[in-house]
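*Asks:* What shape does this take:
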Amino acid sequence: MNVLVFDIETVPDVENGRRLFDLHDLDDRQVAEVMYQHRRQESGTEFLRHDLHRIVAISAVFRSGTRFKIGSFGSEESPEKELIQRFFDGIGKSFPVLVSWNGGGFDLPVLHYRSLLHGVNATRYWDTGDVDKNFRWNNYINRFHYRHTDLMDVLSGYQMRAAAPLDGIASLLGFPGKFGMDGSKVWGKYLDGDIKAIRNYCETDALNTYLVYLRFELVRGRLTQSEHDRECQRVRDELASSEEPHLREFLTTWTNQGIPGSEPGNSD
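*Replies:* This is a model prediction of the structure:
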(Lines give C-alpha, C1' and ligand atoms only; values in the text may rest on other atoms or scores of the structure.)
Protein backbone atom coordinates (compact mmCIF):
# COMPACT_ATOMS: atom_id res chain seq x y z
CA MET A 1 0.00 0.00 0.00
CA ASN A 2 1.20 3.49 -0.83
CA VAL A 3 0.92 6.10 1.90
CA LEU A 4 1.45 9.85 1.49
CA VAL A 5 1.46 11.83 4.71
CA PHE A 6 1.33 15.51 3.84
CA ASP A 7 1.27 19.00 5.28
CA ILE A 8 1.13 22.48 3.78
CA GLU A 9 2.39 25.87 4.92
CA THR A 10 0.71 29.09 3.86
CA VAL A 11 1.07 32.85 3.98
CA PRO A 12 -1.51 35.59 3.43
CA ASP A 13 -2.47 35.97 -0.22
CA VAL A 14 -1.52 39.63 -0.26
CA GLU A 15 -2.16 39.97 -4.00
CA ASN A 16 -5.78 39.03 -3.48
CA GLY A 17 -5.96 41.11 -0.29
CA ARG A 18 -4.57 44.12 -2.12
CA ARG A 19 -7.29 43.78 -4.74
CA LEU A 20 -10.16 43.04 -2.34
CA PHE A 21 -9.43 45.94 0.00
CA ASP A 22 -8.03 48.39 -2.56
CA LEU A 23 -4.60 48.58 -0.89
CA HIS A 24 -2.44 49.19 -3.96
CA ASP A 25 -0.25 51.77 -2.20
CA LEU A 26 0.79 49.43 0.66
CA ASP A 27 3.60 46.88 0.81
CA ASP A 28 3.04 43.17 1.51
CA ARG A 29 3.55 43.43 5.26
CA GLN A 30 1.08 46.29 5.53
CA VAL A 31 -1.48 44.54 3.33
CA ALA A 32 -1.29 41.43 5.50
CA GLU A 33 -1.84 43.51 8.64
CA VAL A 34 -4.98 45.03 7.14
CA MET A 35 -6.18 41.53 6.22
CA TYR A 36 -5.60 40.37 9.80
CA GLN A 37 -7.39 43.40 11.23
CA HIS A 38 -10.35 42.88 8.93
CA ARG A 39 -10.54 39.23 9.95
CA ARG A 40 -10.42 40.13 13.65
CA GLN A 41 -13.36 42.47 13.16
CA GLU A 42 -15.19 39.86 11.12
CA SER A 43 -14.70 36.81 13.32
CA GLY A 44 -12.70 37.67 16.42
CA THR A 45 -9.65 35.77 15.16
CA GLU A 46 -6.71 36.62 12.92
CA PHE A 47 -6.92 33.27 11.15
CA LEU A 48 -7.70 34.17 7.56
CA ARG A 49 -10.41 32.55 5.45
CA HIS A 50 -9.16 29.53 3.56
CA ASP A 51 -9.38 31.30 0.21
CA LEU A 52 -7.05 34.05 1.46
CA HIS A 53 -4.13 31.70 2.06
CA ARG A 54 -1.30 31.20 -0.43
CA ILE A 55 0.63 27.92 -0.35
CA VAL A 56 4.41 28.24 -0.05
CA ALA A 57 5.31 24.65 0.90
CA ILE A 58 3.86 21.16 0.56
CA SER A 59 5.86 18.48 2.33
CA ALA A 60 5.33 14.77 2.70
CA VAL A 61 6.45 11.41 3.94
CA PHE A 62 5.98 8.79 1.22
CA ARG A 63 5.97 5.08 2.10
CA SER A 64 5.62 2.40 -0.55
CA GLY A 65 7.05 -1.12 -0.46
CA THR A 66 10.73 -0.69 0.34
CA ARG A 67 10.64 3.05 -0.38
CA PHE A 68 10.62 5.68 2.33
CA LYS A 69 11.06 9.32 1.39
CA ILE A 70 10.86 12.59 3.29
CA GLY A 71 10.79 15.80 1.31
CA SER A 72 8.94 18.72 -0.20
CA PHE A 73 7.33 19.13 -3.58
CA GLY A 74 9.08 21.35 -6.10
CA SER A 75 11.94 23.63 -5.11
CA GLU A 76 12.33 26.77 -3.02
CA GLU A 77 11.82 28.78 -6.21
CA SER A 78 8.76 26.87 -7.47
CA PRO A 79 5.62 28.98 -8.01
CA GLU A 80 2.49 27.97 -6.12
CA LYS A 81 0.87 26.37 -9.16
CA GLU A 82 3.82 24.02 -9.64
CA LEU A 83 3.75 22.92 -6.00
CA ILE A 84 0.06 22.10 -6.20
CA GLN A 85 0.29 20.38 -9.58
CA ARG A 86 3.18 18.19 -8.40
CA PHE A 87 1.16 17.20 -5.35
CA PHE A 88 -1.88 16.13 -7.34
CA ASP A 89 0.29 14.51 -10.04
CA GLY A 90 1.78 12.33 -7.29
CA ILE A 91 -1.70 11.24 -6.26
CA GLY A 92 -2.56 10.44 -9.87
CA LYS A 93 0.52 8.25 -10.28
CA SER A 94 0.48 6.15 -7.12
CA PHE A 95 -3.10 6.45 -5.73
CA PRO A 96 -1.79 6.66 -2.16
CA VAL A 97 -3.72 6.72 1.05
CA LEU A 98 -3.51 10.38 2.05
CA VAL A 99 -2.82 11.06 5.72
CA SER A 100 -3.00 14.45 7.38
CA TRP A 101 -3.62 16.27 10.63
CA ASN A 102 -6.61 18.55 10.08
CA GLY A 103 -6.18 18.10 6.34
CA GLY A 104 -9.94 17.96 5.88
CA GLY A 105 -10.43 21.17 7.83
CA PHE A 106 -7.58 23.20 6.38
CA ASP A 107 -4.99 21.74 4.00
CA LEU A 108 -7.32 20.22 1.43
CA PRO A 109 -9.82 23.11 1.28
CA VAL A 110 -6.92 25.50 0.71
CA LEU A 111 -5.57 23.20 -2.00
CA HIS A 112 -9.03 23.13 -3.58
CA TYR A 113 -9.34 26.91 -3.72
CA ARG A 114 -5.80 27.43 -4.99
CA SER A 115 -6.32 24.71 -7.61
CA LEU A 116 -9.34 26.65 -8.85
CA LEU A 117 -7.26 29.80 -9.03
CA HIS A 118 -4.48 28.17 -11.07
CA GLY A 119 -6.54 25.67 -13.07
CA VAL A 120 -4.66 22.68 -11.68
CA ASN A 121 -5.70 19.29 -13.07
CA ALA A 122 -6.42 16.68 -10.38
CA THR A 123 -8.58 14.08 -12.10
CA ARG A 124 -7.78 11.12 -9.85
CA TYR A 125 -8.16 13.11 -6.66
CA TRP A 126 -11.69 14.25 -7.56
CA ASP A 127 -12.83 10.86 -8.84
CA THR A 128 -15.81 9.41 -6.97
CA GLY A 129 -16.34 6.42 -9.25
CA ASP A 130 -16.76 7.93 -12.71
CA VAL A 131 -13.19 7.06 -13.76
CA ASP A 132 -12.52 4.10 -11.45
CA LYS A 133 -15.55 2.31 -10.01
CA ASN A 134 -13.52 1.31 -6.93
CA PHE A 135 -13.43 4.98 -5.97
CA ARG A 136 -17.21 5.03 -5.63
CA TRP A 137 -16.98 3.41 -2.21
CA ASN A 138 -13.61 4.74 -1.06
CA ASN A 139 -12.41 8.08 -2.39
CA TYR A 140 -10.49 11.16 -1.30
CA ILE A 141 -13.54 13.39 -1.00
CA ASN A 142 -15.79 11.51 1.42
CA ARG A 143 -15.06 12.44 5.03
CA PHE A 144 -15.61 8.93 6.34
CA HIS A 145 -13.39 7.09 3.84
CA TYR A 146 -9.88 6.04 4.78
CA ARG A 147 -8.41 6.92 1.37
CA HIS A 148 -7.86 10.26 3.05
CA THR A 149 -7.29 9.75 6.76
CA ASP A 150 -7.50 13.02 8.65
CA LEU A 151 -6.08 11.84 11.96
CA MET A 152 -7.33 14.84 13.93
CA ASP A 153 -10.83 14.30 12.60
CA VAL A 154 -10.85 10.54 13.17
CA LEU A 155 -9.24 10.53 16.62
CA SER A 156 -11.60 13.24 17.88
CA GLY A 157 -14.58 11.13 16.81
CA TYR A 158 -15.47 13.84 14.28
CA GLN A 159 -16.21 16.19 17.17
CA MET A 160 -14.42 19.55 16.82
CA ARG A 161 -14.71 20.23 20.56
CA ALA A 162 -12.60 17.11 21.11
CA ALA A 163 -9.91 18.03 18.55
CA ALA A 164 -6.32 18.25 19.74
CA PRO A 165 -3.25 19.89 18.17
CA LEU A 166 -0.63 17.78 16.42
CA ASP A 167 2.10 19.14 18.67
CA GLY A 168 0.23 18.02 21.78
CA ILE A 169 -0.50 14.50 20.56
CA ALA A 170 3.00 14.00 19.15
CA SER A 171 4.53 15.08 22.47
CA LEU A 172 2.08 12.89 24.38
CA LEU A 173 3.35 9.88 22.44
CA GLY A 174 7.02 10.77 22.97
CA PHE A 175 7.62 12.18 19.47
CA PRO A 176 9.40 15.50 18.88
CA GLY A 177 6.38 17.68 18.14
CA LYS A 178 7.24 21.23 17.12
CA PHE A 179 10.70 22.53 17.92
CA GLY A 180 12.38 25.78 16.96
CA MET A 181 9.46 26.97 14.85
CA ASP A 182 5.70 26.96 14.60
CA GLY A 183 3.05 28.19 12.20
CA SER A 184 3.02 31.70 13.67
CA LYS A 185 6.56 32.26 12.38
CA VAL A 186 5.95 31.23 8.77
CA TRP A 187 4.90 34.68 7.54
CA GLY A 188 7.98 36.30 9.06
CA LYS A 189 10.26 33.68 7.52
CA TYR A 190 8.58 34.22 4.17
CA LEU A 191 9.12 37.98 4.33
CA ASP A 192 12.78 37.29 5.12
CA GLY A 193 13.01 35.08 2.03
CA ASP A 194 13.75 31.97 4.12
CA ILE A 195 11.64 29.45 2.22
CA LYS A 196 14.04 26.67 3.17
CA ALA A 197 13.23 27.11 6.86
CA ILE A 198 9.52 26.91 6.05
CA ARG A 199 9.99 23.72 4.00
CA ASN A 200 12.11 22.17 6.76
CA TYR A 201 9.44 22.96 9.34
CA CYS A 202 6.74 21.53 7.08
CA GLU A 203 8.71 18.31 6.68
CA THR A 204 9.01 17.83 10.45
CA ASP A 205 5.25 18.28 10.79
CA ALA A 206 4.77 15.57 8.17
CA LEU A 207 7.15 13.32 10.13
CA ASN A 208 5.24 13.85 13.37
CA THR A 209 2.00 13.04 11.56
CA TYR A 210 3.49 9.85 10.09
CA LEU A 211 4.61 8.63 13.51
CA VAL A 212 1.16 9.27 14.96
CA TYR A 213 -0.30 7.43 11.97
CA LEU A 214 1.86 4.40 12.70
CA ARG A 215 0.49 4.31 16.24
CA PHE A 216 -3.04 4.64 14.85
CA GLU A 217 -2.43 1.73 12.49
CA LEU A 218 -1.24 -0.30 15.49
CA VAL A 219 -4.30 0.37 17.63
CA ARG A 220 -6.72 -0.38 14.81
CA GLY A 221 -4.96 -3.68 14.06
CA ARG A 222 -3.45 -2.80 10.68
CA LEU A 223 0.07 -3.23 12.10
CA THR A 224 1.29 -5.77 14.60
CA GLN A 225 3.51 -4.65 17.46
CA SER A 226 6.63 -5.95 15.71
CA GLU A 227 5.63 -4.33 12.42
CA HIS A 228 5.02 -1.02 14.17
CA ASP A 229 8.40 -1.17 15.89
CA ARG A 230 10.16 -2.00 12.62
CA GLU A 231 8.51 0.94 10.90
CA CYS A 232 9.59 3.31 13.69
CA GLN A 233 13.12 1.95 13.45
CA ARG A 234 13.00 2.48 9.69
CA VAL A 235 12.22 6.14 10.31
CA ARG A 236 15.09 6.41 12.79
CA ASP A 237 17.49 4.81 10.33
CA GLU A 238 16.44 7.16 7.54
CA LEU A 239 16.88 10.19 9.76
CA ALA A 240 20.26 8.98 10.97
CA SER A 241 21.50 8.59 7.39
CA SER A 242 20.22 12.00 6.30
CA GLU A 243 22.57 14.92 5.72
CA GLU A 244 19.78 17.42 6.40
CA PRO A 245 20.36 19.17 9.76
CA HIS A 246 16.63 19.54 10.52
CA LEU A 247 16.08 15.80 10.09
CA ARG A 248 19.07 14.95 12.26
CA GLU A 249 17.75 17.40 14.86
CA PHE A 250 14.35 15.70 14.69
CA LEU A 251 16.02 12.36 15.49
CA THR A 252 18.03 13.85 18.36
CA THR A 253 14.93 15.47 19.83
CA TRP A 254 12.99 12.23 19.45
CA THR A 255 15.71 10.27 21.20
CA ASN A 256 16.07 12.77 24.04
CA GLN A 257 12.33 13.29 24.47
CA GLY A 258 11.45 9.65 25.08
CA ILE A 259 9.15 9.36 28.07
CA PRO A 260 8.44 6.27 30.20
CA GLY A 261 5.93 4.09 28.43
CA SER A 262 6.11 6.11 25.20
CA GLU A 263 6.90 2.96 23.25
CA PRO A 264 3.63 1.01 23.09
CA GLY A 265 5.36 -2.28 23.81
CA ASN A 266 6.99 -0.85 26.95
CA SER A 267 5.26 -1.19 30.30
CA ASP A 268 6.31 -0.29 33.84
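
*Asks:* could you pull out the strands for the protein?
*Replies:* Applying DSSP state E to the chain gives strands spanning 3-12, 53-64, 67-72, 97-100, 148-150.

*Asks:* count of neighbours near Ser43?
*Replies:* A count of nearby residues for Ser43, using other CB atoms under 10 Å, gives 11. For glycine as for every other residue, the C-beta is placed from the backbone atoms N, C-alpha and C.

*Asks:* Equivalent analysis for Asp51, please.
*Replies:* 14.

*Asks:* so the longest helix that the chain contains versus strand 3-12, what angle?
*Replies:* In the chain, assigned by DSSP state H, the helix with the most residues is helix 195-219. Angle of helix 195-219 versus strand 3-12, following axes from the mean of the first three to the mean of the last three CA atoms, to 10 degrees, is 140 degrees.

*Asks:* From Phe88, how far out is Arg147?
*Replies:* Here Arg147 is placed at a distance of 14 Å from Phe88 (CB to CB, to the nearest Å).

*Asks:* neighbours around the residue nearest to Gly103 when sequence neighbours are not counted, how many?
*Replies:* In this structure, Gly103 finds its nearest non-sequential neighbour in Asp150, 4.9 Å apart by CB to CB, 6 or more residues apart in numbering. Asp150 has 22 neighbours, counted by other CB under 10 Å.

*Asks:* Surely Asp150 is in contact with Pro109, unless I've mixed up the numbering?
*Replies:* No - using CB atoms under 8 Å, Asp150 is not in contact with Pro109; the gap is 11.5 Å.

*Asks:* now the helices for this structure?
*Replies:* Using DSSP H, the helices of the chain run over 14-20, 28-43, 80-94, 108-118, 123-126, 151-155, 166-172, 186-191, 195-219, 225-241, 245-257.

*Asks:* need the ones you listed in JSON lines with mean pLDDT and distance to Gly180, can you?
*Replies:* Conversion of the helices of the chain to JSON lines gives the following (pLDDT from 0 to 100; distance: least, CB to CB, whole Å):
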{"stretch": "helix 14-20", "mean pLDDT": "96", "distance to Gly180": "26"}
{"stretch": "helix 28-43", "mean pLDDT": "96", "distance to Gly180": "23"}
{"stretch": "helix 80-94", "mean pLDDT": "97", "distance to Gly180": "23"}
{"stretch": "helix 108-118", "mean pLDDT": "98", "distance to Gly180": "24"}
{"stretch": "helix 123-126", "mean pLDDT": "96", "distance to Gly180": "32"}
{"stretch": "helix 151-155", "mean pLDDT": "97", "distance to Gly180": "22"}
{"stretch": "helix 166-172", "mean pLDDT": "96", "distance to Gly180": "12"}
{"stretch": "helix 186-191", "mean pLDDT": "97", "distance to Gly180": "11"}
{"stretch": "helix 195-219", "mean pLDDT": "98", "distance to Gly180": "8"}
{"stretch": "helix 225-241", "mean pLDDT": "97", "distance to Gly180": "16"}
{"stretch": "helix 245-257", "mean pLDDT": "94", "distance to Gly180": "8"}
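
*Asks:* Thank you kindly, that will do.
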